[in-house]
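Trainee: I need the structure of the sequence given here:
(one chain, ligands or ions: 2)
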Amino acid sequence: MGAFNEKRSVNLRVWHWLSAIAVFGLMLTYILRKTVLNYKTNAEIIQVKLSEIGVLVADDKAKEIAKIFRDNMWQWHYYLGFFFIGLLAFRLYAFATKKDKFPSCKAKEAPSREFAAVKYAHAFFYVAALYMAFSGLAMYYREALGISKESLSLVKELHELAFWFFAVFIVAHIAGVVKAEVSSDKGLISEMFNGGDEK
Ligand code: HEM
Ligand code: HEM
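Mentor: Ligands and ions are numbered 1, 2, ... in the order given. Got it, this is the predicted structure:
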């Protein structure tokens, strides 16, 4: 058995796969917003295509129409965002009631520096996820809370920048897990489904 093989609670396993779906989904909404549903590109397409049949649309109107398509898709950022907040609360409850150990506690009992680094990266994931949850909520309820758009500009920039943390985390995470699976920690990935055995 490798250093990463261990028994995994049902809580952790269900949480892990639902969170993976939520985080992938949240990132996908942003990728769609910046690519196929980019309102500037789509406004141009609307203008060009309508001009072919003799309909002229002003820049503002074309952008307004394109934003409707983008915003309909962006609703999914909020559905998945609230779903992810629920998952996070569930996980923090498991840590608070000591049903599961917070990764930085495992890092302290680390058999190697690599093991400690992985567990600290997981701990940092939870910190970043908490920031996304609070900043997302602040932006979502900004008007109801009577906060001006300008006073949340830094919060929004950091929320957007954190996208890149999640992108790097996921690539490194999957590469690391696959590397461990094929070398030192056989069965690690199936453990995340079947729960694994006691050490
Ligand atoms: C968006 C995608 C994903 C996210 C956000 C994510 C997040 C996490 C987090 C935070 C942990 C640490 C849990 C803890 O100990 O508290 C973890 C562990 C783990 N994940 Fe993922 N994960 C993702 C995708 C995947 C995929 C695709 C696989 C399989 C190929 C995978 C396999 C594992 C395994 C085997 C562990 C246990 C590793 C260990 O004990 O150090 N994950 N994941
Ligand atoms: C891993 C988690 C998340 C990622 C990667 C992520 C990513 C992003 C990105 C990149 C933006 C900037 C979009 C832009 O203006 O171009 C954004 C905006 C936003 N996100 Fe998230 N987000 C996450 C979680 C959440 C959560 C949990 C909520 C809570 C509901 C949330 C609510 C919002 C809101 C309200 C905006 C501002 C939208 C606007 O100004 O039109 N996000 N998110």
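
Trainee: neighbours around V118, how many?
Mentor: 22 (other Cβ atoms under 10 Å). Bear in mind the C-beta positions are built from the backbone N, C-alpha and C, glycine included.

Trainee: Next up, the contacts around it.
Mentor: 4, 176 (Cβ atoms under 8 Å, 6 or more residues apart in numbering).

Trainee: Quickly note the distance from it to N38.
Mentor: As defined by Cβ to Cβ, to the nearest Å, V118 lies at a distance of 36 Å from N38.

Trainee: Next, the contact list for the nearest residue to F165 once chain neighbours are set aside, please.
Mentor: Take F165 and drop its neighbours on the chain: the residue closest to it by Cβ to Cβ, 6 or more residues apart in numbering is A128, 5.4 Å away. A128 sits next to 162, 165-166, 169 when contact means Cβ under 8 Å, 6+ apart.

Trainee: and those, which are buried?
Mentor: Burial by neighbour count, judged by 16 or more other Cβ atoms under 10 Å, picks out 166, 169 from the contacts of A128.

Trainee: so of the contacts of A128, which ones are in helices?
Mentor: Using DSSP state H, the subset of the contacts of A128 located in helices is 162, 165-166, 169.

Trainee: Show me the subset of those that also lies near ligand 2.
Mentor: Among these, the ones lying near ligand 2 by Cβ under 6 Å from any ligand atom are F166.

Trainee: Give me the pLDDT for E198.
Mentor: Predicted confidence (pLDDT) for E198: 77.

Trainee: For the helix or strand containing L18, buried residues please.
Mentor: Applying DSSP states H and E as the criterion places L18 in helix 10-34. By neighbour count with 16+ other Cβ under 10 Å, helix 10-34 contains the buried residues 12-13, 15, 19, 22-23, 25-27, 29, 32-33.

Trainee: Might you calculate how far that helix sits from the centre of the chain?
Mentor: 5 Å (Cα atoms, centre = their mean, to the nearest Å).

Trainee: Get me the contact residues on this protein for ligand 2.
Mentor: By Cβ under 6 Å from any ligand atom, the residues of the chain that approach ligand 2 are 23, 26-27, 30, 33, 77-78, 81-82, 84-85, 132-133, 136-137, 139-140, 159-160, 163, 166.

Trainee: What subset of those residues is buried?
Mentor: For the residues of the chain next to ligand 2, buried by 16+ other Cβ under 10 Å: 23, 26-27, 33, 77, 81, 84-85, 132-133, 136, 139, 159, 166.
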